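[1] this one's structure only:
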């Protein structure tokens, strides 16, 4: 299981209405606060919905990118 951190950028299964599908994590916990990297819109999602919607971690805040690392 991946531990999501503030500053991670994730790709979602469904795109945002603006067309972007990458989001920066601004807050973690029971709810996640995400910021669309395309239009800047901020949304809150409950953890179960967030974990279902994430396709991949694009970049991690904890060091460098780890492509193919899971």
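    Now that the structure is in, tell me what you want to look at. Just so it is clear, the structure is predicted and the values come from calculations on it, not from any experiment.
[2] burial check on residue 52, number of neighbours?
    10 (other CB atoms under 10 Å). C-beta coordinates here come from the backbone N, C-alpha and C atoms, glycine included.
[3] gap between it and residue 14?
    Using CB to CB, to the nearest Å, residue 52 is found at 11 Å from residue 14.
[4] then residue 26?
    Distance from residue 26 to residue 14, by CB to CB: 19 Å.
[5] could you give the mean pLDDT of stretch 17-27?
    Stretch 17-27 comes out with an average pLDDT of 94.
[6] now do it: distance from first to last residue.
    22 Å (CA to CA, to the nearest Å).
[7] list the buried ones in that stretch?
    20, 21, 22, 23, 24, 25 (16 or more other CB atoms under 10 Å).
[8] so what's the fourth one up against?
    Going back to what we said before, that points to residue 23. When contacts are counted by CB atoms under 8 Å, 6 or more residues apart in numbering, residue 23 touches 9, 10, 11, 12, 16, 34, 35, 36, 37.
[9] so which of these sit within strands?
    9, 10, 11, 12, 34, 35, 36 (DSSP state E).
[10] all strands of the protein, in order?
    Per DSSP E, the chain carries strands over the ranges 9-12, 22-27, 31-36, 42-46, 54-59.
[11] okay, those in JSON lines with distance to residue 3 next?
    Formatted as JSON lines, these follow (distance: least, CB to CB, whole Å):
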{"stretch": "strand 9-12", "distance to residue 3": "13"}
{"stretch": "strand 22-27", "distance to residue 3": "11"}
{"stretch": "strand 31-36", "distance to residue 3": "13"}
{"stretch": "strand 42-46", "distance to residue 3": "17"}
{"stretch": "strand 54-59", "distance to residue 3": "10"}
